[in-house]
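A.B. asks: output the structure for:
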Amino acid sequence: MGGPGHRAVVSDWAEAVSLSQGLLLWMLLSMGRARASKEPLRPLCRPINATLAAEKEACPVCITVNTTICAGYCPTMMRVLQAVLPPVPQAVCTYREVRFESIRLPGCPPGVDPVVSVPVALSCRCGLCRRSTTDCGGPKDHPLTCDDPHLQCLLFLSPNT
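C.D. replies: Residues are numbered from 1 along each chain as shown. Just a heads-up that it's a prediction; the model follows:
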């Protein structure tokens, strides 16, 4: 099959391939760090503009509100042996500082409180989901758009006001 030097050639070739793969991996990781520091592939957790619906079942008017909410990527981990170990709590993009603006819905019948509170994100963080201030997933309690917009208004809420 091969002469006495055949093993040395195969060994040198395998070592060269291994070094090439290592060099390629190092280059990819180095470029990834530089790219991530300039422009992340996934936007990090931050306040963004969003449109929410403010409505009450007894009131005939739905108001569309432009506000700021927290959204974006938070680093997470998953265990390899999920069946053996308890799950790792997952970080979500949530409010660090939030202000609530009150909006009065027009046309509500007497006896119905016409005031609705809408969140305005001032700053955000990655942390555990607090159901008191954050939509943690699952079924939606409140729609993001008006179901039956008899009179649709548009309000703008700003974190700077």
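A.B. asks: all helices for the protein, in order.
C.D. replies: For the chain, the helices defined by DSSP state H occupy 6-38.
A.B. asks: point out where it drops to low pLDDT.
C.D. replies: 1-41, 82, 133-135, 137-161 (pLDDT under 70).
A.B. asks: name the nearest residue to Thr76, ignoring sequence neighbours.
C.D. replies: Of all residues not flanking Thr76 in the chain, Gln90 sits nearest, at 5.0 Å (Cβ to Cβ, 6 or more residues apart in numbering). In this view, the C-beta of every residue, glycine as well, is placed from N, C-alpha and C.
A.B. asks: ok, which stretches of this structure are strands?
C.D. replies: With DSSP state E as the criterion, the chain has strands at 46-54, 63-71, 92-104, 115-127, 153-156.
A.B. asks: any idea which of these is most buried?
C.D. replies: Comparing the strands of the chain by mean neighbour count (mean count of other Cβ atoms under 10 Å), strand 63-71 comes out on top with a mean of 20.
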